[in-house]
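**Student:** sequence first, predicted model second:
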Amino acid sequence: MTVASAASALEKRGLKLGSVSRGHSGRGAGQVFSQSVATGAHVKRGTRVNVTADDGTVQVPSVVGMSAAAAAGKLRRAGFTPSVVRSTGGSQPVGFVKSQSPSGGWRAPGSVVRINVVSSSDPVPVY
């Protein structure tokens, strides 16, 4: 239910929409996922009900240790734009993701996630 729908439903029951805060639920931008008064609770007419609506962000998946192709695909399916950066060395084999930025958390769909992919082993020093 959207915030506007929640406000309408509350009004029909003699209640008022209180404050609207934003958070993460994965339900989609603007969808209400929490309220300050439990469903079915008995309250006075005119009571203000605070709600929390989804801010539209998506959790960034971890792709470290995956092949570059698999990692990019997973990020795209989650709604992100992968940016592949080639680098040397690391604990992963050539062609695999050794790190990413951001490494987690919540971001807006379409945000860029940088993946650092091993392109060759560390250079060997010559003496």
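**Tutor:** That came through fine.
**Student:** tell me who's in contact with the residue positioned nearest the centre of the chain.
**Tutor:** Among the residues of the chain, the one closest to the centroid is Val58, at 1.9 Å (CA atoms, centre = their mean). By CB atoms under 8 Å, 6 or more residues apart in numbering, the contact set of Val58 is Gly26, Ala78, Gly79, Phe80, Trp106, Arg107, Ala108, Pro109. For the C-beta atoms, the positions are set from N, CA and C on the backbone; glycine is no exception.
**Student:** next one: Asn116
**Tutor:** By CB under 8 Å, 6+ apart, the contact list for Asn116 reads Val85, Ser87, Gly90, Val97, Lys98, Ser99, Gln100, Ser101.
**Student:** what's the farthest-apart pair in those residues?
**Tutor:** The largest distance within the contacts of Asn116, taken as CB to CB, falls between Gly90 and Ser101 and amounts to 14.2 Å.
**Student:** re the thing from before, identify the residue with the minimum pLDDT among the contacts of Val58.
**Tutor:** Of all those, the one the model is least sure of by pLDDT is Gly26, with 82.
**Student:** returning to that earlier point: how near is the residue nearest to the centre of the chain to Ser99?
**Tutor:** Taken as CB to CB, to the nearest Å, the spacing of Val58 relative to Ser99 amounts to 20 Å.
**Student:** over to Asn116?
**Tutor:** Taken as CB to CB, the span from Asn116 to Ser99 is 5 Å.
**Student:** how close does Arg76 sit to Ser87?
**Tutor:** Note on Arg76: its distance to Ser87, by CB to CB, is 21 Å.
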